[in-house]
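**Student:** sequence and predicted structure are below.
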Amino acid sequence: MKIQQVLDFVNEAIYARTGSQLNDLQSAIIEGILKKMKYSEIADNLERSEGHVKDVGYKLLQMLSDTFDEPVDKTNLKSVLERHGNLNFCFGNNTIITTCNFIEQQANSIVNQEKPETKKVAKLRKFGLSDEQIAEVLEIDVDDVKNLR
C-alpha cells in the first residue's frame, strides 16, 4: 500500500471519531513522520516555518492520541498505526503493505457486542457507514435501519 492509502486510513479513523478530516499540512506531517523526517525538513519541503509545522504536528499527534485512545508521538506513530490498522510497513522500496480494514474491524466489534440495535446503528453511523452498509453488517432490512434514528 502506498502512503496515500495510509493517509486515507488515518483520515477515516479521525473522521469516524471527530467528523473532521486531515488537511494538506497534516497529511504532509504524517508522511514526513513515517519517513523519519525532522520537523525542519518537513517545513523546508512545504516552504513553511518550522514553528508552524511543529505547532500543527503537536496538535495532530494529540488528535491521533484521542482517535486511537493511546499516546501518539513522532517515535511511536508507525507502531500505533500498525496495531490499530493491522498495517505492515515496508519503506525499503517506498511501499506500504496492509492486510486489514480499520472500519470493518470496528464495525465487527460493535456488532458482536450485546446492545440494542439502535445503539449499534448509531455507532456504525459514527464510523461513516451508510444505511445499506449497516443493514448488511447487522443482517437486517435496510428500512429497519432507516427507522432507527
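**Tutor:** Right, received. Where do you want to start? Given the structure is predicted, the values throughout are model-derived calculations rather than measurements. Numbers count the residues shown, from 1 in each chain.
**Student:** show me where the chain has its helices.
**Tutor:** Taking DSSP state H to define them, one finds helices in the chain at 3-18, 24-34, 39-46, 50-68, 77-85, 102-111, 117-126, 131-138, 142-147.
**Student:** which helix or strand in the protein has the lowest average pLDDT?
**Tutor:** strand 95-98 (a mean of 40; mean pLDDT, DSSP states H and E).
**Student:** re the thing from before, now render the helices of the chain as TSV, adding mean pLDDT and mean neighbour count.
**Tutor:** (Glycine included, C-beta is placed from N, CA and C.) Formatted as TSV, the helices of the chain follow (pLDDT from 0 to 100; neighbours: other C-beta atoms under 10 Å):
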stretch	mean pLDDT	mean neighbour count
helix 3-18	86	18
helix 24-34	94	19
helix 39-46	95	17
helix 50-68	94	17
helix 77-85	84	18
helix 102-111	49	16
helix 117-126	80	17
helix 131-138	84	18
helix 142-147	84	14
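**Student:** what's the domain layout of the chain?
**Tutor:** The chain breaks down into these domains under automatic domain parsing: 3-100, 103-147.
**Student:** distance from stretch 73-85 to the middle of the chain?
**Tutor:** Here stretch 73-85 is found 11 Å from its chain centre; the criterion is C-alpha atoms, centre = their mean, to the nearest Å.
**Student:** check the spacing between residue 37 and residue 118 real quick.
**Tutor:** When distance is defined by C-beta to C-beta, to the nearest Å, residue 37 is 46 Å away from residue 118.
**Student:** what about residue 75, neighbour count?
**Tutor:** Residues within reach of residue 75, counting by other C-beta atoms under 10 Å, total 9.
**Student:** got a pLDDT number for it?
**Tutor:** Note for residue 75: predicted pLDDT of 93.
**Student:** next, it: phi, psi?
**Tutor:** Here is the backbone geometry of residue 75 (degrees, to the nearest 10): phi -80, psi -20.
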